[in-house]
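1. sequence unknown, structure follows:
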């Protein structure tokens, strides 16, 4: 009998993004040769096959402290981590044949830990955004510095903020580590595939796979009558409805606003938005603006069916799930001619293509669809047909399973690099030890055993800029991550032992005092909850 392939899907959370972070695979795949589990930091489901990487409050608290220290003091990301050593200690990791990382950076894993993981397991990494090929940012917009080293970054305030410009150092660190590994990379679009192949960091990766994301076509469809859908939002039946995701960053909301200020039509228009509110407050006197806010899947289904046109003029998009959902509901989609959207929506035959950031051209496209119902229906029907051919969730899941089987059969595991052989008594390693001492002193009492284990001795203050793209430095960071995780686990175990010991003494000598102590604990817990 063929041995089962054990797959471990790794992500920061299970239910949000469940269709493409591995969660739905856990339950939906019925293959006797495949066993899939998931590990996450934040577990929201009650699924027994989903395990938390960090197991208690102390570990979660330390995760937050490390993240803040990286942001406020170091201006780096994915270096300090207790998620990596915690993951390596899990039973699920130990038993897995293949590890599939989704959103590696969101899961707070350390880049240096990739060396060990690629030495022990067959590794798959989904690149859902360009973070893996930049020095810091998740979407680089029109910046091209990701191609040359992310030197002199002019925008440090977007997601994963840096106080100091360490973007080039992070870029070099990724390059240093990537050069030692060759994992299987999964991307959802030709756009992301081309970025991976163009990047100096990843162009040597030989196993890059395009697997488009999928939607549940039985759920996302046009079976809800438009009149019924509009009742949910109190939209007049005769209005032309434009639906979009309103968001300050990357979704092109500002260009939609510019467009609507210029738009001239005799038809009454309703602007239906999800996500952020009040992005269109200044045109509420001209249009019926409905800011619904956060939408769940059922809300989205009604919104797609209530609208006539879906607007998605994004300036940063590596796939565009909402565009596909709108197409699945037989709605025409208007997009800018950048990012992944032209290819994903099969523009210009299906998606309506508009010059990037051009509000005049966007206005023309909206006006044409407003006045041409036949064109709206034609593009809507084509969108549904294309979704059935390319974007079903079953097709996506089966493609991943086939990839896992291919990897198990064809990929061998090779030792990547032994960090223990690296010298750690250099000026650069002393500098990072000095920085790590600041974290230790801020979070552990000087008299504690944890402080004694973690603090580096005889390290003078060194004010020079820390070099992170250095094997000596990364060895120190990796060792510190492991020691930090161990002392947290041991501290909790030691404290639990002391509590049990004290309880046993009271049980024998003073049961009344034990009862009072337990009652006090319960009262404290419930007060905290209140």
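-> Great, that's in hand. Note that the coordinates shown come from a computational prediction; the quantities given were computed from them, not determined experimentally. Numbering: from 1, shown residues only.
2. CA only for contacts and neighbour counts going forward, please
-> Fine.
3. next helix or strand past the helix or strand that contains residue 441?
-> Taking DSSP states H and E as the criterion, residue 441 maps to helix 427-443. For helix 427-443, the following helix or strand on the C-terminal side (DSSP H and E) is helix 449-454.
4. for that next one, which residues meet the burial criterion?
-> Neighbour-count burial for helix 449-454, counted by 16 or more other Cα atoms under 10 Å, picks out 450, 451, 454.
5. where along this protein do the strands fall?
-> Assignment of strands within the chain using DSSP state E yields the ranges 5-13, 34-42, 50-52, 98-102, 122-126, 184-187, 208-210, 240-246, 269-275, 288-291, 309-312, 333-336, 352-354.
6. pull out the buried positions in the helix holding residue 441.
-> Applying 16+ other Cα under 10 Å to helix 427-443 flags 428, 429, 430, 431, 432, 433, 434, 435, 436, 437, 439, 440 as buried.
7. can you pull the contacts of the second one?
-> It stands for residue 429. 472, 473, 476 (Cα atoms under 8 Å, 6 or more residues apart in numbering).
8. show the pLDDT at the residue nearest the centre of the chain.
-> Note on the chain: the residue nearest the mean C-alpha position is residue 103, at 3.9 Å, using Cα atoms, centre = their mean. At residue 103, the pLDDT value in this model is 90.
9. also residue 175?
-> Predicted confidence (pLDDT) at residue 175: the value is 98.
10. and for the one 4 residues further on?
-> According to the model's per-residue confidence, residue 179 sits at a pLDDT of 97.
11. just list the residues touching it, thanks.
-> When contacts are counted by Cα under 8 Å, 6+ apart, residue 179 touches 201, 204.
12. and it, how far from residue 114?
-> 11 Å (Cα to Cα, to the nearest Å).
13. in JSON lines: the buried residues of helix 449-454, plus pLDDT and distance to residue 368.
-> As requested, these are arranged in JSON lines below (pLDDT from 0 to 100; distance: Cα to Cα, whole Å):
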{"residue": "450", "pLDDT": "94", "distance to residue 368": "68"}
{"residue": "451", "pLDDT": "95", "distance to residue 368": "68"}
{"residue": "454", "pLDDT": "96", "distance to residue 368": "66"}
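14. mind putting those residues into a markdown table with distance to residue 419?
-> As requested, these are exported to a markdown table (distance: Cα to Cα, whole Å):
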| residue | distance to residue 419 |
| --- | --- |
| 450 | 24 |
| 451 | 24 |
| 454 | 19 |
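15. ok, how many other residues are close to residue 206?
-> 12 (other Cα atoms under 10 Å).
16. isn't it up against residue 182?
-> Yes - contact criterion Cα atoms under 8 Å: residue 206 and residue 182 qualify, at 7.0 Å.
17. distance check, residue 110 against residue 177.
-> Taking Cα to Cα, one finds residue 110 at 11 Å from residue 177.
18. kindly report the same for residue 453.
-> Distance, residue 453 to residue 177, using Cα to Cα: 28 Å.
19. next one: residue 460
-> 29 Å.
20. with residue 377 instead?
-> 50 Å.
21. pLDDT weak spots in the stretch 151-300 of the chain?
-> Within the stretch 151-300 of the chain, no range satisfies pLDDT under 70.
22. quick one: the helices in it?
-> When assigned using DSSP state H, counting those that start in this stretch, the helices of the stretch 151-300 of the chain occupy the ranges 167-178, 190-198, 226-233, 253-262, 297-306.
23. re the thing from before, mark which of the contacts of residue 429 are buried, thanks.
-> Buried members of the contacts of residue 429, scored by 16+ other Cα under 10 Å, are 472, 473, 476.
24. if I pick residue 343, what's in contact with it?
-> 189, 190, 191.
25. thought the second one was touching residue 342?
-> Right, the one you point to is residue 190. No - contact criterion Cα under 8 Å: residue 190 and residue 342 do not qualify, at 10.3 Å.
26. how much space separates residue 277 from residue 234?
-> Per Cα to Cα, residue 277 is found 17 Å from residue 234.
27. also residue 331?
-> Counting by Cα to Cα - residue 331 and residue 234 are separated by 20 Å.
28. settle it for me: which of those two has more neighbours?
-> Higher neighbour count among residue 331 and residue 234: residue 331, with 30 against 11, using other Cα under 10 Å.
29. which residues does that one contact?
-> Residue 331 touches 304, 305, 307, 308, 309, 310, 376, 377, 379, 380, 381, 383, counting by Cα under 8 Å, 6+ apart.
30. let's go with 10 Å and repeat that
-> Going by Cα atoms under 10 Å, 6 or more residues apart in numbering, residue 331 touches 221-222, 304-310, 323-325, 351, 376-384.
31. same thing with residue 108?
-> Contacts of residue 108 were listed using Cα under 10 Å, 6+ apart, and they are 11-12, 41, 63-64, 66-67, 77-84.
32. ok so, going back, among the strands of the chain, which is the most enclosed?
-> Burial of those is given as mean neighbour count (mean count of other Cα atoms under 10 Å); strand 333-336 ranks first at a mean of 27.
33. give me the contact list for that one.
-> Looking at strand 333-336 with Cα under 10 Å, 6+ apart, the contacting residues turn out to be 243-244, 252, 308-315, 322-324, 326-327, 341-342, 345, 347-348, 350-358, 361-362, 365-366, 369, 376, 379-380, 383.
34. are any of the residues you listed buried, and if so which?
-> 243-244, 252, 308-315, 322-324, 326-327, 341-342, 345, 347, 350-354, 356-357, 361-362, 365-366, 369, 376, 379-380, 383.
35. among those residues, which are in helices?
-> Among those, the members falling in helices (DSSP state H) are 322-324, 326-327, 341-342, 361-362, 365-366, 369, 376, 379-380, 383.
36. could you count how many residues lie near residue 162?
-> So residue 162, with other Cα under 10 Å, has 22 neighbours.
37. correction: the previous question concerned residue 307.
-> 24.
38. state the distance from it to residue 485.
-> Distance from residue 307 to residue 485, counting by Cα to Cα: 51 Å.
39. again, but for residue 230
-> Taking Cα to Cα, one finds residue 230 at 53 Å from residue 485.
40. picking up where we left off before, relative to residue 391, which of the contacts of residue 108 is nearest.
-> Nearest to residue 391 among the contacts of residue 108, counting by Cα to Cα, is residue 11 at 22.5 Å.
41. before we move on, the earlier item: overlap in contacts, residue 110 and residue 177.
-> residue 474.
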